[in-house]
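Student: need coordinates for the below:
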Amino acid sequence: MRIAVGSDMRQPVTDAVVQWLRDQGHQLTLIGPLVDGDDTEWAEASAATARAVTSGDADVGVLFCWSGTGACIAANKVQGARAALCADAETARLARKYNHANLLVMSMRATSPAVAVETTGAFLTAPWGEDDFDIRNVRVVDGLA
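Tutor: Presented below is the predicted three-dimensional model:
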């Protein structure tokens with residue numbers, strides 16, 4: 001899978017997720033300070049990660065910021081982005097199923113490396129909901145209904 005990973009800081013939690021994704025064989029595009037010497041701020045790193053997903057350069061995105069809130073807001077400003085701030089695997093799974101989320105956002109402050117890896121794994125393996133209820137709600141959120 002092609003995954004864009006963005007952050008405004010490099011922390012143990014970001015390193016753990018990036019390494020796990022590499023170990024799983026995913027093709028990564030790193031955005032922001034995850035690339036050595038890059039000092040991109042949270043808003044631009046979040047928007048750039050969302051644009052990578054919505055343009056088709058990446059299948060999904062994983063985003064980090066200190067609280068996760070700013071990254072989620074900034075990513076959701078990009079048309080076609082459906083970023084979900086998730087603190088655990090079940091929330092990530094449900095974000096994919098019911099909201100068709102295409103970007104996972106996590107807090108670097110509140111998420112341990114182990115929980116971040118587990119949450120990322122759940123997000124990547126959860127299928128989108130296919131029943132009429134799920135599709136109808138996603139269409140409303142996307143402004144198509």
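Student: can you verify T29 is assigned to a helix?
Tutor: No. Secondary structure of T29 (DSSP: H, G, I helix; E, B strand; the rest coil): strand, not part of a helix.
Student: which residues does it contact?
Tutor: By CB atoms under 8 Å, 6 or more residues apart in numbering, the contact set of T29 is 2-5, 52, 57-58. Quick note: C-beta positions are derived from backbone N, CA and C, even for glycine.
Student: can you redo these as CSV with pLDDT?
Tutor: Formatted as CSV, the contacts of T29 follow (pLDDT from 0 to 100):
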residue, pLDDT
R2, 98
I3, 98
A4, 98
V5, 98
A52, 98
D57, 98
A58, 98
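Student: tell me how many other residues crowd the residue nearest to C86 when sequence neighbours are not counted.
Tutor: Excluding its sequence neighbours, the residue lying closest to C86 (CB to CB, 6 or more residues apart in numbering) is A92, at 4.2 Å. Using other CB atoms under 10 Å, A92 has 26 neighbouring residues.
Student: next: G80.
Tutor: 12.
Student: do D57 as well
Tutor: A total of 11 residues lie near D57 under the criterion other CB under 10 Å.
Student: next one: the one 3 residues further on
Tutor: Using other CB under 10 Å, V60 has 21 neighbouring residues.
Student: is it true that it touches A50?
Tutor: No. Taking contacts as CB atoms under 8 Å, V60 lies outside contact range of A50: 10.8 Å.
Student: could you measure from the residue nearest to C86 over to Q19?
Tutor: 19 Å (CB to CB, to the nearest Å).
Student: how about stretch 87-95: buried residues?
Tutor: Buried residues in stretch 87-95, counted by 16 or more other CB atoms under 10 Å: 89, 91-95.
Student: now it: average pLDDT?
Tutor: Taken as a whole, stretch 87-95 has a mean pLDDT of 97.
Student: please apply the same query to stretch 107-115.
Tutor: Averaged over stretch 107-115, pLDDT sits at 97.
Student: on that earlier part again, so what sits against both of V60 and A50?
Tutor: Common neighbours of V60 and A50 (CB under 8 Å, 6+ apart) are L103.
Student: give the contact list for the closest residue to A110 other than its chain neighbours.
Tutor: Excluding its sequence neighbours, the residue lying closest to A110 (CB to CB, 6+ apart) is A87, at 6.5 Å. Contact analysis of A87 by CB under 8 Å, 6+ apart lists 106-107, 110-111, 115, 119.
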